[in-house]
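Student: Give me a 3D structure for the following:
(one chain, ligands or ions: 1)
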Amino acid sequence: MTDHAFQRCIHPQCGTTVELTSTTFQCPKCGGLLDVAYDWNRLPVPTSLKHFESKWTDRTNPLNFSGVWRFRELLPFAPDSKIMTIGEGQTLTRLSDTVGAYVGMRPGRLYLQYEGMNPSGSFKDNGMTAAFTHAGLVGARRAACASTGNTSASLAIYCAGTNLMRGVVFIGSGKISYGKLSQALEHAALTLQIAGDFDDALRRVQEVSRQLGIYLVNSVNPFRLEGQKTIMYRALEALGWEVPDWIVVPGGNLGNSSAFGKAFMELADLGLIARPPRIAVINATGADTFYQLYEKHGVRWNGGAPDGKKVGAYLKMLDDSGAKADTLASAIEINRPVNLPKALRALERCGGVVREVTDQEMLDAKAKIGAGGLGCEPASAATVAGLMKLVKEGIIGPDERVVGVLTAHLLKDPTATVAYHTSDPKTFEDVLGKRGVKRVAFANRAVQVPNDLEEILKAIELYA
Ligand code: F0G
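Tutor: Prediction:
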């Protein structure tokens, strides 16, 4: 099966192909990003997406149980015997009318896809299982990533769960939430705290991986993105294989948006869907390179030749002014998204838009998502805050069908949540106030009650 899969430069003008087992993840000719590509004509492609429903009856086969690998005909780069799975992708896509009402949509139109249900609590596991499968194919013994916390948690749990490789994680010093740091430590990854931020750590890990021959699992690795395509297959599955009008997703390193675009491009090219949905990518205002380049500087895919001068000038401006990404949504605190060209391609093909939302908007949206019955971390709430903005602008209609991706679990970052709901002004100020958050419109304050039966009964009657 694997001789039908290879890697290929994403730029059509170059199109250089690279063998499947290469681990440099960079075009040797032009330095561009690589796709995993397939010779679909020689592969058994299903004629309808309904085909995948047959897998549901066979949950004792780990490959059919996995929410990634039950779609393996659509990411066919490894034989079944080589697939590394720990049971990822058991997520749900739930209709959410309360959150829909909050953003100004009519009932029955907004679905939230909860990727917090993955083994490590974030969407990253969809990609990590695919990267580990590739790493197994090439015989890697060590794997590394730079991370704002979720990739490192995922890498650590796959190392522990598969026993395939030793994990090394690079994190920006003081830039990771305790929930995520605890995962890297508990799952026994070598954890290096670098004096710097994510962008610094990513540059370093690429250098170190090259030098020591360590397998890199950041989303510059195209196999990660193959696994993340399945997030969209599950969205379609939940909608009875109907294509929604919009997908809304937070943007950090732009791995997800790139993977979603590739998923829909392939499905459309294979004749499995009639049209792709539109994609909205949401940045944090404190880390909004993609928003600036796409919406303000007009940078586009441009047939595979995005305006490198504009991009270079923008990044140089960031460097020269010493600007660092800065948002409470630490997961997407990224100013130099490595997948920028792939994300431009995705938005081109899907008719995309980019928006930015403030920490205040994300935290308010997060509280509403929680009150609606799904718990996510601040970065994930960018989805709902951005959707609200797009509905207000009239870009997304109140009757359109939308799938918003909630990328990670509430418990990833309890500090932000407690600070939002606290009645202690110091806790609020230390975490949120000093970062510019002013209102806590949807705070659910704990009620202080003496240890006295009468008082407790009174409090319940008063508040519940
Ligand atoms: N949401 C969460 C919870 C994330 O952890 C990330 C990225 C994103 C959104 C952005 O996704 O990079 O595909 O655009 N976290 C990375 C990490 C960078 O290191 O865990 P993207």
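
Student: Going by neighbour count, list what's buried in stretch 195-207.
Tutor: 196, 197, 198, 199, 200, 201, 202, 203, 204, 205, 206 (16 or more other C-beta atoms under 10 Å). (Glycine included, C-beta is placed from N, CA and C.)

Student: List the contacts of that stretch.
Tutor: Outside of stretch 195-207, the residues that reach it under the criterion C-beta atoms under 8 Å, 6 or more residues apart in numbering are 144-148, 170-173, 175, 194, 216, 218, 220, 253, 324-325, 333-336, 338.

Student: What count of nearby residues applies to residue 22?
Tutor: Number of residues near residue 22 (other C-beta atoms under 10 Å) recorded here: 14.

Student: Please apply the same query to residue 100.
Tutor: Using other C-beta under 10 Å, residue 100 is surrounded by 24 other residues.

Student: Pretty sure it sits against residue 107.
Tutor: Yes - counting by C-beta atoms under 8 Å, residue 107 is a contact partner of residue 100 at 6.5 Å.

Student: Now do the contacts for residue 193.
Tutor: 171, 172, 173.

Student: For the chain, what lies in contact range of the ligand?
Tutor: 122, 147-151, 219, 250-256, 331-332, 377, 379-380, 407-408 (C-beta under 6 Å from any ligand atom).

Student: can you tell me which of these are in helices?
Tutor: 150, 151, 255, 256, 379, 380 (DSSP state H).

Student: Residue 306: which element?
Tutor: Assessed by DSSP states H and E, residue 306 sits outside every helix and strand.

Student: just the one 3 residues further on next, same as before
Tutor: Here residue 309 is covered by helix 308-320, with elements defined by DSSP H and E.

Student: hmm, who's touching that helix?
Tutor: Contacts with helix 308-320, where a contact means C-beta under 8 Å, 6+ apart, come from 289, 292, 293, 297, 298, 299, 323, 335, 336, 340.

Student: which of the residues in that helix are buried?
Tutor: 311, 314, 315, 318.

Student: counting contacts, what elements does the very next helix or strand once past it pack onto?
Tutor: Toward the C-terminus, helix 308-320 is succeeded by helix 340-350 as the next helix or strand (DSSP H and E). Counting contacts by 3 or more C-beta pairs under 8 Å, 6 or more residues apart in numbering; DSSP states H and E, helix 340-350 is packed against helix 255-269, strand 278-284, helix 289-291.

Student: if we compare these, which one ends up closest to residue 434?
Tutor: Comparison of the helices and strands packed on helix 340-350 against residue 434 by C-beta to C-beta identifies strand 278-284 as nearest, at 16.8 Å.

Student: Next, the angle from that closest one to helix 255-269.
Tutor: Orientation of strand 278-284 against helix 255-269 (axes from the mean of the first three to the mean of the last three C-alpha atoms, to 10 degrees) gives an angle of 170 degrees.

Student: May I see the PyMOL selection of the buried members of the contacts of stretch 195-207?
Tutor: In PyMOL syntax, the buried subset of the contacts of stretch 195-207 is picked out as below (16+ other C-beta under 10 Å):
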select buried, resi 144+145+146+147+148+170+171+172+175+194+216+218+220+253+324+325+333+334+335+336+338
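
Student: which among the contacts of helix 308-320 end up buried?
Tutor: Applying 16+ other C-beta under 10 Å to the contacts of helix 308-320 flags 289, 292, 293, 299, 335, 336, 340 as buried.

Student: residues in contact with the second one?
Tutor: Neighbouring residues of residue 292 by C-beta under 8 Å, 6+ apart: residue 314.

Student: separation between it and residue 360?
Tutor: Taking C-beta to C-beta, to the nearest Å as the measure, residue 292 falls 20 Å from residue 360.

Student: same question, residue 386
Tutor: Counting by C-beta to C-beta - residue 386 and residue 360 are separated by 13 Å.

Student: The helix or strand encompassing residue 390 versus strand 278-284: what angle between them?
Tutor: Assigned by DSSP H and E, residue 390 belongs to helix 378-392. Using the same axes, to 10 degrees, the inter-axis angle of helix 378-392 relative to strand 278-284 is 120 degrees.

Student: Against which helices or strands is helix 378-392 packed?
Tutor: Under the contact criterion of 3+ C-beta pairs under 8 Å, 6+ apart, helix 378-392 touches helix 97-103, strand 110-114, strand 246-250, strand 278-284, strand 353-357, helix 359-371, strand 402-406.

Student: possible to save these as CSV with mean pLDDT?
Tutor: Output for the helices and strands packed on helix 378-392, formatted as CSV (pLDDT from 0 to 100):
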stretch, mean pLDDT
helix 97-103, 98
strand 110-114, 98
strand 246-250, 98
strand 278-284, 98
strand 353-357, 98
helix 359-371, 98
strand 402-406, 98
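
Student: Sweet, I'm off.
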